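>>> Show me the folded form of this:
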Amino acid sequence: MGPRWWCLLAVAAALSAAGGAGAQETCSGAVPEPPKRGAWMSVASFGGAGDGRTLNTQAFAAAVARIERRRAPGGALLYVPPGAWLTGPFSLTSHMTLFLARGAVIRATQDTSSWPLVEPLPSYGRGRELPGKRYMSLIHGKGLQDVFITGENGTIDGQGSVWWDMWKKGTLPFTRPHLLELMDSSDTIVSNLVFQDSPFWNIHPVYCSNVVIRNVTIMAPHDSPNTDGIDPDSSSNVCIEDCYISTGDDLIAIKSGWDEYGIAYGRPSSDITIRRITGSSPFAGFSVGSETSGGVENVLAEHLNFYNSGFGIHIKTNTGRGGFIRNVTVSDVTLDNVRYGLRIAGDVGGHPDERYNHNALPIVDSLTIKNVQGQNIKEAGLLKGIPKSAFSRICLANIKLHGSAPVRPWKCEAISGGALDVQPSPCTELTSTSGMSFCTNSL
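Residues are numbered from 1 along each chain as shown. Alright, predicted model coming up:
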């Protein structure tokens, strides 16, 4: 049996494992598994070399172009063999699988001058960090369908330190690149991979639908700036499950556009399921915001385990954002050595420019946080709405936060809702009759 057949058998086994559903609740089936790909090719066949020195940008581009031209029945699989495949940014195409073998590393070049610039996202109006354009993500896709990015726990390495240093020195000319960004795409699965040392956010599905991200590990130093783990952005029908994330910023952050640009674009993030996430961050384990101008609704996050972090749960917005955050449930959370158990705040995050509408106030309504157990917690949390747009129907239930010293009490302002079986004792804003009624009904 030749080497290629051994590769094909390994691919088949990994794809089967990625698609298999265990006894626990899973999103398997939420996105159709790819059909049997009609073609198979290796990046090594296009002049690529996995020696860690050869720049393989053209090899990846040529392989993807071949897949696009060939239009094989069921699409094609691009195989990345074991080795270190140094590359600049490249784009994917529809009906393809990018498969990283065990021991394969797609490694980003640190020659920042070779990274192309792309237009800012219309829902942001400019680069997230700086006005103007932004650097293209290492792996990029736009307007795609039926894309499967997977492997045998191969690695996508952003080599982000050069970008972090520029950020720290204030010498960035444009907004840093993500490791993986998919735009306007549908029916996508990302699984069984390691993402490490992203220059900026790691995985960014934006304007997407039907996305599953599962069984991935995401790593970056805690002092690496803005290295969010997974940021679904103006996207719907997204499932994130069974991931380990340890980075320098929020592990998962649901977004939907920035101030007047997000309001004008008007695409919410909706119908998002997050489950069985473990990790650590100096910021938040699970967050919504702060860029939520298109709205965020119908979110379920459950079975979360966060340790050595700044916040367990952080739901954040600001005056000028507009939009809404509603129908969010966070359940079955374990926290250890976390400063704030919960923070819901209406004064977080900057603005893209001075043209934002100061009267665009967000609506935050119907949030349920339940079954949270915490040890070594310093502060229970802060729940701070906006005086002219109070946060309503906040339900806290079965929350027990303990510390080696007495946990500092809840702080509440411009909110209403209910609390059931909460320690430390809840603030009076969560004891109204109507709020308690909503809380009882939501459970």
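>>> residues contacting the residue at minimal distance from the centre of the chain?
What sits nearest the mean C-alpha location of the chain, by Cα atoms, centre = their mean, is residue 230, with 1.5 Å. Residue 230 makes contacts with 202-203, 213, 218, 240, 243, 245, 251-253, as judged by Cβ atoms under 8 Å, 6 or more residues apart in numbering. For the C-beta atoms, the positions are set from N, CA and C on the backbone; glycine is no exception.
>>> per-residue confidence for it?
On pLDDT, residue 230 comes in at 99.
>>> Who is the closest residue to it other than its chain neighbours paired with across the strands?
Spatial nearest neighbour of residue 230, excluding adjacent residues (Cβ to Cβ, 6 or more residues apart in numbering): residue 203 at 4.6 Å. Bridge pairing for residue 203 (DSSP bridges) gives the partners residue 180, residue 230.
>>> Could you measure from residue 203 over to residue 256?
Distance of residue 203 to residue 256, computed by Cβ to Cβ, to the nearest Å: 16 Å.
>>> try residue 302
When residue 302 is compared with residue 256 (using Cβ to Cβ), they lie 21 Å apart.
>>> so which of the contacts of residue 230 comes closest to residue 275?
Comparing the contacts of residue 230 against residue 275 with Cβ to Cβ places residue 240 closest, at 7.7 Å.
>>> So the closest one, which state does it fall into?
Three-state call for residue 240 (DSSP: H, G, I helix; E, B strand; the rest coil): strand.
>>> same deal with residue 124?
Applying three-state DSSP: residue 124 is coil.
>>> Can you give me the separation between the closest residue to it other than its chain neighbours and residue 126?
Distances taken as Cβ to Cβ, 6+ apart put residue 258 closest to residue 124, at 4.6 Å, once the chain neighbours are dropped. Relative to residue 126, residue 258 is positioned 8 Å away (Cβ to Cβ).
>>> by contact count, what packs against the helix or strand harbouring residue 286?
Here residue 286, judged by DSSP states H and E, is contained in strand 284-288. The helices and strands touching strand 284-288, judged by 3 or more Cβ pairs under 8 Å, 6 or more residues apart in numbering; DSSP states H and E, are strand 252-254, strand 269-280, strand 296-316, strand 324-345.
>>> Quick one: end-to-end length of stretch 76-86, please.
With Cα to Cα, to the nearest Å applied, stretch 76-86 spans 22 Å between its terminal residues.
>>> buried residues in that stretch?
Neighbour counts using 16 or more other Cβ atoms under 10 Å place 76-81, 83-86 of stretch 76-86 among the buried residues.
>>> Likewise for stretch 253-273?
For stretch 253-273, by 16+ other Cβ under 10 Å, it's 253-263, 265, 267-273.
>>> try stretch 108-127
Quick answer for stretch 108-127 (16+ other Cβ under 10 Å): 108-109, 112, 115, 118, 120-121, 123-127.
>>> Can you tell me which of these is nearest residue 198?
residue 108 (8.8 Å).
>>> how close does that closest one get to residue 71?
Residue 108 sits 29 Å away from residue 71, going by Cβ to Cβ.
>>> how distant is stretch 91-111 from the center of its chain?
19 Å (Cα atoms, centre = their mean, to the nearest Å).
>>> and the end-to-end length of it?
With Cα to Cα as the measure, the first residue of stretch 91-111 is 18 Å from its last.
>>> what comes up buried for it?
Those would be 91-101, 103-109, for stretch 91-111 by 16+ other Cβ under 10 Å.
>>> Repeat that for stretch 150-164.
So, applying 16+ other Cβ under 10 Å, buried residues of stretch 150-164: 150-160, 163-164.
>>> if you look at those residues, which of them are in helices?
Of the positions in the buried residues of stretch 150-164, 163-164 sit in helices, assigned by DSSP state H.
>>> Save the buried residues of stretch 150-164 as JSON lines, and put in distance to residue 173 too.
Shown next, in JSON lines, are those (distance: Cβ to Cβ, whole Å):
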{"residue": "150", "distance to residue 173": "34"}
{"residue": "151", "distance to residue 173": "33"}
{"residue": "152", "distance to residue 173": "37"}
{"residue": "153", "distance to residue 173": "35"}
{"residue": "154", "distance to residue 173": "31"}
{"residue": "155", "distance to residue 173": "28"}
{"residue": "156", "distance to residue 173": "24"}
{"residue": "157", "distance to residue 173": "23"}
{"residue": "158", "distance to residue 173": "18"}
{"residue": "159", "distance to residue 173": "18"}
{"residue": "160", "distance to residue 173": "16"}
{"residue": "163", "distance to residue 173": "11"}
{"residue": "164", "distance to residue 173": "15"}
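>>> now, the most widely separated pair of the buried residues of stretch 150-164?
Most distant of these, by Cβ to Cβ, are 152 and 164, 28.9 Å apart.
>>> Verify the stated contact: the residue nearest to residue 124 with residue 352.
Yes - counting by Cβ atoms under 8 Å, residue 258 touches residue 352, with 5.3 Å between them.
>>> Quick check: closest non-adjacent residue to residue 125.
Spatial nearest neighbour of residue 125, chain neighbours left out: residue 261 (3.4 Å); criterion: Cβ to Cβ, 6+ apart.
>>> Provide the secondary structure category for that neighbour.
Quick answer, by three-state DSSP: residue 261 is helix.
>>> now residue 131
Taking three-state DSSP, the label given to residue 131 is coil.
>>> Also residue 437?
From three-state DSSP, the assignment for residue 437 is helix.
>>> ok, so what distance separates it from residue 416?
12 Å.
>>> who's more crowded, those two?
Legend: neighbour count by other Cβ atoms under 10 Å for residue 437 and residue 416, higher for residue 416 (19 against 12).
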